[in-house]
Structure formats: structure tokens, C-alpha cells
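J.: turn this into a model:
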Amino acid sequence: YSHLVSMIQGMEDDASESFPILASPISKEIKAEVLLEKIRSSSFHLHIIILVCSLSWAVGCIAFMSSAFYDVGNRTMTTVSEEFELGENSPLREFASSSFMIGTILGGAISSPIADRIGRRPVMLACTIGVSIMFVLVSFAPSIHLFIAGRFLQGFCFSGSVQTSWVLAFESIPIKLRAPTAFVFGAANVVGYCSVLPMSMMSSTWRQFMQVCAVPIALYAIIAFVFIPESLHWLVANGRTKEIKKKWLSKIDEPVSMPASKHQEEDGSQPRSILVSYIKTHKIILALIVAVGLIWLSDNFIFLGLSMYSTDLAGDYRLNYLMLGLVELPGYALTHVVLERFSRRFVMCSTHLASALAFLILIAIPPGSQLSLACWMIGKLSITIAYMSVFLVGCEIFPTQLRNSVIGICGLIAGLGLVLAPYVKTLSRISPVFPLIAFGSFAILAGLISLALPETKDKSLDDTETTETERKEEEVAP
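T.: Below is the predicted model:
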């Protein structure tokens, strides 16, 4: 940790001139942020983009959290373990969930650079359709091994859908709408989370449950195809003037001229190896990738681990699941408030440490008590705020031309947390204290690392790579 902090802080002075988000220069050219500011925040067009993109998190959560119910014994439907005759200690039980997470890791790493090259919209649509199709195919799996393979492919598509929709939304809104948009995405996530429970209760077998889950995702893909345009930041960065005029300039009353992006070559093609060249000239980006990736890893482990573990907590599993889901709503609302008032670093550090404290206090509290449930909810509330904050910082800290690629790399690191999360139940069988220690330790680690990140509050998303001379001339004094 100390090495990571010194690495980042030691580079910040030099990076302020060479790394766009830290210097926050104002370009003389028309940029996406300028265009977005000309579109009123009350614009129906922007609200539709925010709402429809956020629904990807609702349907994505259905795919994500289905693993909490298709193999929960003594419930309302025939489970995967019962049909395939898996023993209670069979490693295939947890690996069925982990395969989805492994697919998520690889899917994010592969779909992210593709989205940087061909656009956010086509990748998001293709991956959303893929998630729905895999639900149907998985429901006909004749063996546990094909079920695991199907869940892997579903996770592969899942990452490209929810991750790219988040980036697309944030590249299509002005700065003042970022915090409210985070709340809308979070609320949509809660809707998807809570909808999994009634869908499982109306299903008599896990196969029927899979088919029921496929329906809302397929419907969403149609809605997204109709209402979501390509990201404005991506269009500007890639010099897609015709598409900008058709999809975006019609929303602006005053005439605006659009220059071609400096990243475009004369034939209109993308320069090769943009990410590699950025890393060569901006070494700090490597430290930022590691820092954001580790925070995201910790949050993935805690967030998913809590959600999956909720069905094994003492008391009614339905109530536990719903309470730990509904507590996210005030968390997302508070995220909006605290991100507007405080720095990103303060919010991430304080919420991670608060969640760690709640989990460690649980060690001394009898399970099943009201106080125990209250601590679980405080921990989930705090980690919810932290989770949304790191998503927001991930979009703000990296420039447009490689934003999706770099977030994909961060997701590759963070995916380890997704793979480990299903094994929280295994830890609880050894001792109920072990999951609490694991949650608390990861939360403390993430809170400390967040202090090393540069502050990104109220900074514009970077569109183009200006020259060093332009940066020095245009840099705004602090």
C-alpha cells in the first residue's frame, strides 16, 4: 500500500501536465462536454438515455443474482444440486457460480477494447442479447458441466452489457448530472435485485427460473435498440461528425461547428495501440489501474458476498435477501448527496472504513438478533456508497479514447473478487466469523488505497489528446 501511495503521489506533479484528467485543461476546440452543457439538464433526451441505460443494471442484476436462488436447498423449487445429484460439499456447487464470475472477467477484458474501437452501443446491445439467449440455452443443459459452461458464457456477455452501458451513460451527460445518474443506476440495480425473489418463487424448477429470467432481458434489448444513441464523447473522440449532427446537434438550439478529432488519421481510421502509447507517455496510468482495480476487487467481493450470503443468514431467507437489497436504496440516495458535498477520496475512504467497522462488530454479536441484522444493513449501506463511488471515479479518471479499455483492465483485476465471493458460504461452514473477517479486511484495504487516488470531483471527461504545448497554455490555475 505505501509503495502504491508513493508511486502515485510521486508522479502527480509531472502528471498534472501530461495526464489530462489531472491537469483538467480547457480545449479551444469544441468538445463533448461543451456540447452537453448546451443541452439543458431537463432535456427529455438526456433523461431517456439515463433511464434506459440504467435499466441495463436492473436486468443485469437478474443475471447476476440468479445464482443466489437456483441452488438454494429446501426452498420453493427443484435446485441444480438436486437435479444433478451434487453433494453438499461438492466443489461443483460453488464453481457453478464462480464460472459466471470468470466469464465476467474475460468478457470485460475482451468487450472493453472492442467498445473503444467500434462504439459503446453495438457492444452493449450484442452482449445484452447474449445474456438473454444464454439464459434460455442454460435452461436446457443436460449436465452440470454444460450448465457451468453456459453460465460462463453468460457471464462473458454480462460484463460487456452492464459495464459498457455505464460508460455510455456517463459519456452522454453533463457534469452536473453525474451524481444523480449514479443514484438512478443504483435504484435500477435494486429493482433488478428484488425482482429475482418473486421470479424464483413463481418457478417450480431451476430450468423454469432460467427461462423466466430471460424474458425481461430480451425486452430490454429491444427498448435499448430503439432509444439509446451512441455515446457523444465516443463520437467526438472518433470524429463521427455525421452521427453527431444527426443524433445530438438537433438537441441544441444554437449552431455549433464540429472539428475532427486529433485521434483520427487522414483516412478516418483509429491509430493503432492507443493504450500502449498512453502507457508509455503517462506512466501514472499503470498505478491508477492497479489502485482502482484493487478497490473494485474488494467491493466486488464484499458486495456480491453479502448478497449471496444473505440467503444463508439466520432468520427468514426471503426477508434477509429483501432487506439487504432495499437498504441499497438509501445508500444510492446518500451517494448522490455525499458526492455533491465531499471529495471522492473522502467518500470512498470513510464508507469503506464504516463498512469494515460494522462487519468487525458483528463478530461479538449473537447471530439472528435485531442488532445483528442492523449491523449487516449498515455494512451493506456503506459498501453500496463506496461501490458506486469507485464506478464514478473509474469513468472520471481515464480519458475517453481508452476509458472502456482501461476500465476493462480494472475489471480484470476486480474479477478476482467476483470469483472469490461465492466461497463466502464455504467460509461460513468452517466458522461464521471467517466471512466477517474477510469482509472487514477487504474494506479496510480498499479504504486505505482510495486515499492514494487523485481527486476527480467536478473534472470534465477528456475527449482528445492535446499537445504538451497546448496543455501548458490552456491549463487553469488552481
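J.: for the stretch 1-150 of the chain, what spans make up the helices?
T.: 2-18, 20-23, 32-38, 44-65, 80-83, 91-118, 120-138, 144-170 (DSSP state H, counting those that start in this stretch).
J.: tell me the helices and strands packed up against the fifth one.
T.: Contacting helix 80-83 under the criterion 3 or more CB pairs under 8 Å, 6 or more residues apart in numbering; DSSP states H and E are the following elements: helix 91-118. Yep, even glycine has a C-beta here, placed from its N, CA and C like the rest.
J.: what angle separates the helix it packs on from helix 144-170?
T.: 40 degrees (axes from the mean of the first three to the mean of the last three CA atoms, to 10 degrees).
J.: what angle sits between helix 91-118 and helix 44-65?
T.: Using the same axes, to 10 degrees: helix 91-118 against helix 44-65 is 150 degrees.
J.: name the helices or strands packed onto helix 91-118?
T.: Using 3+ CB pairs under 8 Å, 6+ apart: helix 91-118 touches helix 80-83, helix 120-138, helix 144-170, helix 400-420.
J.: any buried residues in the shortest one, and which?
T.: Buried residues in helix 80-83, counted by 16 or more other CB atoms under 10 Å: 80-81.
J.: what's the model's confidence in that helix, averaged?
T.: On average, the pLDDT along helix 80-83 is 72.
J.: also the last one?
T.: Confidence over helix 400-420 (mean pLDDT, whole number) is 80.
J.: just give me how far that helix sits from the chain centre.
T.: 9 Å (CA atoms, centre = their mean, to the nearest Å).
J.: over to stretch 324-339?
T.: 16 Å.
J.: got it, and stretch 437-449?
T.: 19 Å.
J.: likewise for stretch 379-397?
T.: For stretch 379-397, the distance to the chain centre is 9 Å (CA atoms, centre = their mean).
J.: ok, now stretch 154-170?
T.: 8 Å.
J.: buried ones in stretch 199-218?
T.: 199-200, 203, 205-214, 216-218.
J.: which ones among those residues map onto helices?
T.: If you go by DSSP state H, the buried residues of stretch 199-218 have 199-200, 206-214, 216-218 in helices.
J.: which of these lies closest to residue 117?
T.: When those are compared for distance to residue 117 (CB to CB), residue 217 wins out at 25.1 Å.
J.: distance of that closest one from residue 127?
T.: 11 Å (CB to CB, to the nearest Å).
J.: with residue 165 instead?
T.: In terms of CB to CB, residue 165 sits 9 Å off from residue 127.
J.: also residue 402?
T.: 19 Å.
J.: just the helices in the stretch 201-350 of the chain please.
T.: So, for the stretch 201-350 of the chain - with DSSP H, counting those that start in this stretch - the helices run 206-227, 232-237, 241-247, 274-281, 284-309, 317-326, 328-341, 344-361.
J.: winner for burial among those helices?
T.: helix 232-237 (a mean of 28; mean count of other CB atoms under 10 Å).
J.: can I get that one as PDB, trimmed to CA atoms?
T.: Extracted in PDB, the C-alpha atoms of helix 232-237 (Å, rounded to 0.1, in the frame of the first residue of the first chain):
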ATOM      1  CA  LEU A 232     -21.400  11.600 -27.500                       C
ATOM      2  CA  HIS A 233     -17.900  11.500 -26.100                       C
ATOM      3  CA  TRP A 234     -17.000   8.500 -28.200                       C
ATOM      4  CA  LEU A 235     -18.500  10.100 -31.400                       C
ATOM      5  CA  VAL A 236     -16.500  13.300 -30.800                       C
ATOM      6  CA  ALA A 237     -13.300  11.500 -30.000                       C
END
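J.: what helices or strands is that helix leaning on?
T.: So helix 232-237, by 3+ CB pairs under 8 Å, 6+ apart, packs with helix 32-38, helix 241-247, helix 400-420.
J.: among those helices, which is the most enclosed?
T.: helix 400-420 (a mean of 24).
J.: just checking, next helix/strand downstream of that helix?
T.: helix 424-430 (DSSP states H and E).
J.: looking at the helices and strands packed on helix 232-237, which is nearest to residue 370?
T.: Nearest to residue 370 among these is helix 400-420; the distance by CB to CB comes to 29.6 Å.
J.: that closest one relative to helix 284-309, how many degrees between them?
T.: Using the same axes, to 10 degrees: helix 400-420 against helix 284-309 is 40 degrees.
J.: so which elements touch helix 400-420?
T.: Right, helix 400-420 is packed against helix 91-118, helix 144-170, helix 232-237, helix 274-281, helix 284-309, helix 370-397 by 3+ CB pairs under 8 Å, 6+ apart.
J.: I'd like those as a markdown table, with distance to residue 448 and mean pLDDT appended.
T.: Formatted as a markdown table, the helices and strands packed on helix 400-420 follow (distance: least, CB to CB, whole Å; pLDDT from 0 to 100):
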| stretch | distance to residue 448 | mean pLDDT |
| --- | --- | --- |
| helix 91-118 | 24 | 82 |
| helix 144-170 | 25 | 90 |
| helix 232-237 | 32 | 83 |
| helix 274-281 | 25 | 68 |
| helix 284-309 | 10 | 85 |
| helix 370-397 | 13 | 84 |
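J.: among those helices, which comes closest to residue 324?
T.: Of all the helices and strands packed on helix 400-420, helix 370-397 comes closest under CB to CB, at 5.1 Å.
J.: same question for the closest one: list its buried residues.
T.: Applying 16+ other CB under 10 Å to helix 370-397 flags 372-373, 375-397 as buried.
J.: do the same with stretch 78-97
T.: 78-81, 84, 86, 92-97.
J.: end to end on it, go ahead and measure it.
T.: The stretch stretch 78-97 measures 17 Å between its terminal residues, going by CA to CA, to the nearest Å.
J.: got it, and stretch 323-331?
T.: 13 Å.
J.: off-centre distance for that stretch?
T.: 17 Å.
J.: how about stretch 192-204?
T.: Counting by CA atoms, centre = their mean, stretch 192-204 comes out at 23 Å from the chain centroid.
J.: repeat that for stretch 281-299.
T.: On CA atoms, centre = their mean, the centre of stretch 281-299 falls 15 Å from that of its chain.
J.: going forward, the N-terminal residue is numbered 12.
T.: Let's use 12 as the start, then, which means that last one is stretch 292-310.
J.: CSV for the ones in helices among the buried residues of stretch 210-229, including pLDDT and distance to residue 454?
T.: Formatted as CSV, these follow (pLDDT from 0 to 100; distance: CB to CB, whole Å):
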residue, pLDDT, distance to residue 454
210, 89, 31
211, 84, 29
217, 86, 33
218, 89, 37
219, 90, 37
220, 90, 32
221, 91, 33
222, 93, 37
223, 93, 34
224, 93, 30
225, 95, 35
227, 95, 32
228, 95, 31
229, 95, 37
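J.: in CSV, list these along with distance to residue 60.
T.: Formatted as CSV, those follow (distance: CB to CB, whole Å):
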residue, distance to residue 60
210, 27
211, 31
217, 35
218, 36
219, 34
220, 32
221, 30
222, 30
223, 28
224, 25
225, 25
227, 20
228, 19
229, 21
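J.: relative to residue 131, which of those residues is nearest.
T.: residue 228 (18.3 Å).
J.: how about the closest one, what does it touch?
T.: Neighbour list for residue 228: 70, 73-74, 139, 142-143, 146 [criterion: CB atoms under 8 Å, 6 or more residues apart in numbering].
J.: circling back to that earlier point, to residue 467, which of the helices and strands packed on helix 411-431 lies closest?
T.: Taking the helices and strands packed on helix 411-431 one by one with CB to CB, helix 381-408 is closest: 3.9 Å.
J.: now that closest one against helix 411-431, angle please.
T.: Here the directions of helix 381-408 and helix 411-431 differ by 150 degrees (the same axes, to 10 degrees).
J.: alright, that wraps it up for me.
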